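Chemist: I need the structure of the sequence given here:
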Amino acid sequence: MVGDSIHDPCFAINAKTVACPLDVAANTGIRIALTDPLPKSNGGNARNAWMMQLAGGATCNIGTGTVIPDYPFYWTGNMVCAAPSSSANAHVVFVQCGRPKNGMTVTGTGHYLVTVMYD
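Modeler: Numbering: from 1, shown residues only. Coordinates of the predicted model:
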């Protein structure tokens, strides 16, 4: 966090500095000097998508804070998307997206082709 803005995800440059993408397409971001060093790694190397580009060019970003259950990605235009399946074929990945009806329900869902996944 910087001021009132949450920058997520961020990637370690070293123990006291992280880089956080702002606009991946424009290759821009912010470098943040940490007030405390990052904690030591637990040795895990889990890969989780934090952004996806869908066929047609729409971008879905992982939500920060409260998200609709099972739909952690936000797509411009008041749409939400499920996380891509970890068992999905590495060459063809689809995600389910729809419009939030309320904080717990998504309507009008469909499957969309993921063309780029950032993890």
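Chemist: Can you give the domain ranges for this structure?
Modeler: Using automatic domain parsing, the domain ranges for the chain come out as 1-45, 51-118.
Chemist: With mean pLDDT and mean neighbour count added, can I get the ones you listed in a markdown table?
Modeler: Quick note: C-beta positions are derived from backbone N, CA and C, even for glycine. Shown next, in a markdown table, are the domains of the chain (pLDDT from 0 to 100; neighbours: other CB atoms under 10 Å):
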| stretch | mean pLDDT | mean neighbour count |
| --- | --- | --- |
| domain 1-45 | 82 | 11 |
| domain 51-118 | 85 | 14 |
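Chemist: what lines up beside the longest strand along the chain in the sheet?
Modeler: As assigned by DSSP state E, the longest strand anywhere in the chain is strand 106-118. Strand pairing for strand 106-118, determined by DSSP bridges: strand 51-54 (antiparallel), strand 93-100 (antiparallel).
Chemist: List the contacts of the first one.
Modeler: Outside strand 51-54, the residues that touch it by CB atoms under 8 Å, 6 or more residues apart in numbering are 21, 24, 59-62, 73, 75, 81, 84, 95, 97, 112-118.
Chemist: what do you get for the longest one?
Modeler: Around strand 93-100, the neighbours that count as contacts under CB under 8 Å, 6+ apart are 52, 54, 60, 68, 71, 73, 75, 78-85, 88, 106-114, 117.
Chemist: how distant is stretch 10-19 from the center of its chain?
Modeler: Stretch 10-19 sits 18 Å away from the centroid of its parent chain (CA atoms, centre = their mean, to the nearest Å).
Chemist: Okay, and the beta partners of the residue lying closest to Asn78 once chain neighbours are set aside?
Modeler: Spatially, and ignoring its direct neighbours in sequence, Asn78 is nearest to Arg99 (6.2 Å; CB to CB, 6 or more residues apart in numbering). When assigned by DSSP bridges, Arg99 has beta-bridge partners Thr107.
Chemist: what's the answer for Met52, then?
Modeler: Listed by DSSP bridges, the beta-bridge partners for Met52 are Cys60, Met117.
Chemist: That one and Gly65, how far apart?
Modeler: Computed as CB to CB, to the nearest Å, the Met52 to Gly65 distance reads 19 Å.
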